[in-house]
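Visitor: Please work out how this folds:
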Amino acid sequence: MTAPAPREGGRRAVHLASGLLGVAAAVVPDRAATILLATAFGIALLIDAVRLLAPRRARPVLALAGSLYRPDEQRRLSGATLLMTAYVGTWLLFPPVAAARAIVVAAVADPAAALAGSRWSRARGRKTWVGSAAAFAVALVVLLVWRTALPVSVLAALVAALAERVPGAGLDNLALPLATASALTALS
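Guide: This is a model prediction of the structure:
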């Protein structure tokens, strides 16, 4: 077992912290949650726009957070921006209760999958069944703690684990909250 690269550890921490947006969305009025999520999305998009379109102006941002970007994100939107895009889309498309839960599930299930996959699998840099099992388990715990009915929790966690397997750089960040909210809405 090896420790994750500093970049990956930092990315996982940011991913986990993004779950606070889902918790906040669950406890503040819907309008305030919309403003909060839209603001987070706007900040992520602005940082990526400056980073991609005006690299010289992005130097202060990159000096602070450059280690969080993967090398393959030099010419595309970051995983964080894709995640914020999915959070806003989830919030706007689904009932608030399902959206808030899906945001928290996405925030914890994806890093759990990455951590488990990198620690207990030989398939480095690829989706693993070990990671998918971790995503399922963590999603299930989140939903059960949130007092979601057991059958709904099991099926929504399964959908979350499958969405986490979506191939393509950052596409799981888009798929996971949207798919989880879809399952929670359809099953509730």
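
Visitor: List the contacts of stretch 87-97.
Guide: 18, 21-22, 25-26, 30, 33-34, 37-38, 40-41, 99, 102-103, 106, 177-178, 181-182, 184-185 (C-beta atoms under 8 Å, 6 or more residues apart in numbering). Any C-beta I mention is one placed from the backbone N, CA and C, and that applies to glycine too.

Visitor: quick one: average confidence on the helix or strand containing Ala163?
Guide: Using DSSP states H and E, Ala163 maps to helix 150-164. Per-residue pLDDT over helix 150-164 has a mean of 97.

Visitor: Please check the contacts of stretch 87-97 and keep the buried ones.
Guide: 18, 21-22, 25-26, 33-34, 37, 40-41, 99, 102-103, 106, 177-178, 181-182, 184-185 (16 or more other C-beta atoms under 10 Å).

Visitor: ok, back up a step: tell me which entries of the contacts of stretch 87-97 lie within strands.
Guide: Using DSSP state E, no member of the contacts of stretch 87-97 falls within strands.

Visitor: ok, now how distant is the residue with the largest distance to the centre of the chain from Asp48?
Guide: The C-alpha centroid of the chain is most remote from Arg56, which lies 28.5 Å away (C-alpha atoms, centre = their mean). Look at Arg56 and Asp48: by C-beta to C-beta, to the nearest Å, they are 15 Å apart.

Visitor: Thr128 reaches Leu115, doesn't it?
Guide: No: contact criterion C-beta atoms under 8 Å: Thr128 and Leu115 do not qualify, at 11.1 Å.

Visitor: Name the next helix or strand following the lowest-mean-pLDDT helix or strand in the chain along the chain.
Guide: Using mean pLDDT, DSSP states H and E, helix 59-65 stands out as the lowest-scoring helix or strand of the chain, at a mean of 63. Next helix or strand after helix 59-65 toward the C-terminus (DSSP H and E): helix 79-93.

Visitor: circling back: tell me the pLDDT of the residue farthest from the centre of the chain.
Guide: pLDDT, read off for Arg56, is 72.

Visitor: Checking it next. Helix, strand or coil?
Guide: What DSSP: H, G, I helix; E, B strand; the rest coil gives for Arg56 is coil.

Visitor: Skipping adjacent residues, who's closest to Ala17 in space?
Guide: Closest residue to Ala17 apart from its sequence neighbours, by C-beta to C-beta, 6 or more residues apart in numbering: Ala107 at 7.7 Å.
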